[in-house]
Every structure is written in structure tokens, then in C-alpha cells.
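[1] Let me see the structure of the following:
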Amino acid sequence: MGNTLFAIGEALIDFIPAQTGCAFEEVTAFSPKSGGAPANVCGAFTILGGSSKFITQLGDDPFGRKIAGDLARAGIDTSIVSFTDKANTALAFVSLENDGNRTFSFYRKPSADMLFSAEQVKEEWFEDAYALHFCSVSLGDFPMKDAHKKAIAYARQKGAMISFDPNLRFPLWNDKKALHDTVNEFIPMADIVKISDEELGFITGESDIKAALPKLFTGNVKLVIYTCGSEGAYAFTKNAQAFAESEKVKAVDTTGAGDGRRGSGGGRFASLQVHVLRHGLFRIAGCETPLQPRLGAGEQRGQCLGRCFARFIRCRGGGVRGAEKGAGAQRLGLLRPCADTRRRILRPQNERIGRPAIVPDGRGGL
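    Numbering: from 1, shown residues only. Predicted coordinates:
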């Protein structure tokens, strides 16, 4: 297992509206921001001091070049990003409701990322991979789906963890059954599955997470992260569980919020994931509360995981703290870390690798 977080999938331009709380057709202006869930995860991980590399294909157009530049400026390794003149870079126009939730209008028929093929994926890319993260947006019936399968196979051969966030986007699928079947095809390929309360019923057919867990713990799955918006989040293994409350914030823009949470889970939470996968919930690295050497109670181990997990959980309604101050969708989504994260995590990690600890606007360099 290496040190680099890989993500594969779509990178696109999110056009963020100048007005909020109005219908899409009433928006008078949009601002282009680089995004896409896998890219956001890399950005959040990198801003916390990690090393990340992104696998995608962009259009050979101004939007593609903007995304590549923003990724590189964020510290993400773009050396294996491809460009094509066969399709344009994907675009997504966003409208925002008063509570910060969104509706999307996608321009992706097809987009450059969809044409990325399995033949373009190289085994040597994954020599330093500790994890590979992906979502379902790029798993439709086009070449990128097979590219995912090949990347997953190579990453697993190198001992990397596989992380899957379905991140359902129904407007991108003409056939909802095809989306359901595809998500359930890929769940067994992952070690870690993240699912939200809004997605649970569609994916598993169950409204209760306890009833759904047997369907989620299939194949290689060892850890299920279940997010419930403002109601908090849960982490489950087959023999223990943990819960973390969500922080109460005023939601301004939730674009990229979940991606920021998952990416921030790759920093010090990376060591937690490794220990969960290797040792269950026994000895969790990074836990501030000492544990007895021979803990046998799953509840105690779950509480320890919960304390570690709580450091990175932010509610879907507000994303990373700072949203109420207008952070909104920054270059790679909601990647502005809270003050506690900047003080306890960014500063020591950035100092260790020679980066400035904090830039004046508090965004850790992004």
C-alpha cells in the first residue's frame, strides 16, 4: 500500500449562479468553477497535506485547460490526465435553493470523460496507490465504465483500498434500473462504501440502514459510511458501529460539500481506514483516548471510531464549516476547512512537507 490517493471519473465546470433562492430560469449570471466529485475529493485530500492523483479525460478546449490548471494549482497530480478533441469538457449549470440545496442541468452528450477507455489505463500508475476513489456518474454505458473496472483491478493488485460513493445523479441516466443495477454491480468491488439516507432506499430497497447492511456488506466491502445530513453520520463494520453528530451551520451552498468531507477523510482519517480494514475496529490509529490493549467490546471500539470519525464529518446542509461566511463552491467545491482543522491538521501536516501552514484567507492554499 502506497501513499497516494487516486480518484477516477468526471471533471467538469460547475456554473454557479449569481442569485440563490430563485428558479433556474430566473438566474441572470453564472460563474464557472472547476468541479466534479472525484476531483473535489482529491482537492480536499491534498489541501490537508496528502498526495493525490486524478484520472480523467478532458476536452481539448478552454474549459478543459481551465480544469487542468485549477487541479494543478490545488496541488493535485495531473500527469495522467488525458485530452481529446472527440468531445467537449462536461458542463453543469447549478441553481441554488434558499436552504443551499441544488438542481443541476448537465451538458454531457457525450463529454470527454465519458470516452476515456480501459486501454488508456496503465498498471504502473498505481505503484504508489494507497486508495482509489470513484462515484457512479461515469459508470454509464460508455467506455469510462470499463476504464473504472481496469483501474480498480490494478489498484487492488497493488494493495490499495477501493472507495465507492454512488453520488446518484438521476438526470444523467435515462434508465433508473440501469443506474440501480450498475451501482449494485460496483459495490462488491469496494472496500469502503459511502451512502446517504436519500440514496439508501433506491440502492438497497430498504428504508432502515440496519436492514440494508446485509445487502451492502457484499464482496469486498468492510466499511459502510452512512450519512444522514443534519442528523449526523454512522460508520459500520460487520461487528461494530459508530456515530458522529453533525455540526449545526447555516447552509449557503452544498455544492462539493460531501466531496470535501470524503476527501478530508483521507488525511489523518486515512490511517483510521487502514487500521479498520486491517484490524477491524481494534486499535485505531490517531484516537486521542487511550484504549486498553485487549478491548473486546465492539461498542467501546465503535465509540473510539466515532471520536476519530467525528473530526471530519460535516452535515450535508452546511458542508465544511465556513459556508455561512460565504465560502460557497470555491475552485474545487466546498474545500475551505474549519478553524479547528486548520489549527490541528493543516498546520502540522503542511509544515512537515514544507508548505505554508495557512494562507491569509484561511483556505490552506487552494
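[2] what about stretch 231-251, average pLDDT?
    Here stretch 231-251 scores 84 as its mean pLDDT.
[3] wait, stretch 179-196
    Averaged over stretch 179-196, pLDDT sits at 97.
[4] Need the contact partners of it.
    If you take Cβ atoms under 8 Å, 6 or more residues apart in numbering as the criterion, stretch 179-196 is touched by 134, 136, 139-140, 145, 148-149, 152, 161-166, 168, 170, 173, 202-203, 216, 218-229, 258, 262, 273, 277, 316. (Each C-beta comes from the backbone N, C-alpha and C, glycine too.)
[5] For the spatially closest residue to residue 1 that is not a sequence neighbour, give me phi and psi.
    Spatial nearest neighbour of residue 1, excluding adjacent residues (Cβ to Cβ, 6 or more residues apart in numbering): residue 159 at 4.5 Å. Backbone torsions for residue 159, taken as degrees, to the nearest 10, come to phi 80, psi 10.
[6] Residue 159 and residue 191, how far apart?
    Distance of residue 159 to residue 191, computed by Cβ to Cβ, to the nearest Å: 11 Å.
[7] More neighbours: which of those two?
    Higher neighbour count among residue 159 and residue 191: residue 191, with 20 against 11, using other Cβ atoms under 10 Å.
[8] any idea how far that one lies from residue 19?
    Residue 191 sits 42 Å away from residue 19, going by Cβ to Cβ.
[9] Put the buried members of the contacts of stretch 179-196 into a PyMOL selection.
    Only the buried entries of the contacts of stretch 179-196 go into this PyMOL selection, using 16 or more other Cβ atoms under 10 Å:
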select buried, resi 134+136+139+140+145+148+152+161+162+163+164+165+166+168+173+203+216+220+221+222+223+224+225+226+227+228+229+258+262+273+277+316
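[10] Specify the beta-bridge partners of residue 88.
    Under the criterion DSSP bridges, residue 88 forms beta bridges with residue 111.
[11] and it, what pLDDT?
    In this model, residue 88 carries a pLDDT of 97.
[12] low-scoring stretches of the stretch 1-150 of the chain, by residue?
    Counting by pLDDT under 70, the low-confidence segments of the stretch 1-150 of the chain come to 99-101.
[13] which stretches of it form helices?
    With DSSP state H, counting those that start in this stretch as the criterion, the stretch 1-150 of the chain has helices at 37-47, 62-73, 143-157.
[14] Give the full set of residues in contact with the nearest residue to residue 155 once chain neighbours are set aside.
    Excluding its sequence neighbours, the residue lying closest to residue 155 (Cβ to Cβ, 6+ apart) is residue 132, at 4.0 Å. By Cβ under 8 Å, 6+ apart, the residues touching residue 132 are 6, 7, 8, 126, 151, 152, 155, 160, 161, 162, 163.
[15] and the gap between residue 132 and residue 145?
    Distance from residue 132 to residue 145, by Cβ to Cβ: 15 Å.
[16] what does residue 131 give?
    Distance of residue 131 to residue 145, given as Cβ to Cβ: 20 Å.
[17] ditto for residue 116
    Here the criterion is Cβ to Cβ. By it, residue 116 lies 10 Å from residue 145.
[18] contacting residues around residue 173?
    140, 179.
[19] Residue 198: which element?
    helix 197-204 (DSSP states H and E).
[20] Can you list the buried residues in that helix?
    197, 199, 200, 203, 204.
[21] shouldn't the first one be in contact with residue 232?
    Right, the one you point to is residue 197. No. The pair residue 197 and residue 232 does not pass the contact test of Cβ atoms under 8 Å, sitting 10.2 Å apart.
[22] What about the nearest residue to residue 39 once chain neighbours are set aside, how many residues nearby?
    Leaving aside its sequence neighbours, residue 39 sits nearest to residue 11 (Cβ to Cβ, 6+ apart; 4.6 Å). Residues lying near residue 11 (other Cβ under 10 Å) number 33.
[23] Then residue 176?
    Neighbour tally, residue 176, other Cβ under 10 Å: 11.
[24] Hmm, it is touching residue 170, no?
    Yes. Using Cβ under 8 Å, residue 176 is in contact with residue 170, at 6.7 Å.
[25] For residue 127, which residues are in contact?
    By Cβ under 8 Å, 6+ apart, the contact set of residue 127 is 2, 158.
[26] hmm, try it at 10 Å
    By Cβ atoms under 10 Å, 6 or more residues apart in numbering, the contact set of residue 127 is 2, 4, 154, 158.
[27] what comes up buried for stretch 105-112?
    Buried residues in stretch 105-112 (16+ other Cβ under 10 Å): 106, 108, 111, 112.
[28] my guess is the second one meets residue 92, correct?
    By that I understand residue 108. Yes. Look at residue 108 against residue 92 with Cβ atoms under 10 Å: they come within range, at 7.8 Å.
[29] any shared contact partners between these two?
    Common neighbours of residue 108 and residue 92 (Cβ under 10 Å, 6+ apart) are 10, 12, 169, 171, 172.
[30] what about residue 3, distance to residue 128?
    6 Å.
[31] just residue 146 next, same as before
    Taken as Cβ to Cβ, the span from residue 146 to residue 128 is 24 Å.
[32] about what we covered before: for residue 3 and residue 128, list the residues in contact with both.
    residue 51.
[33] Mind checking which of the two has more residues around it?
    The residue with more neighbours, out of residue 3 and residue 128, is residue 128; 14 against 11, by other Cβ under 10 Å.
[34] which non-adjacent residue is nearest the more buried one?
    Nearest one to residue 128, counting by Cβ to Cβ, 6+ apart, is residue 2 at 3.5 Å.
[35] and that neighbour, what does it touch?
    Contacts of residue 2 by Cβ under 10 Å, 6+ apart are 51, 126, 127, 128, 129, 130, 131, 155, 158, 159, 160.
[36] Having no further points to raise, I will conclude here.
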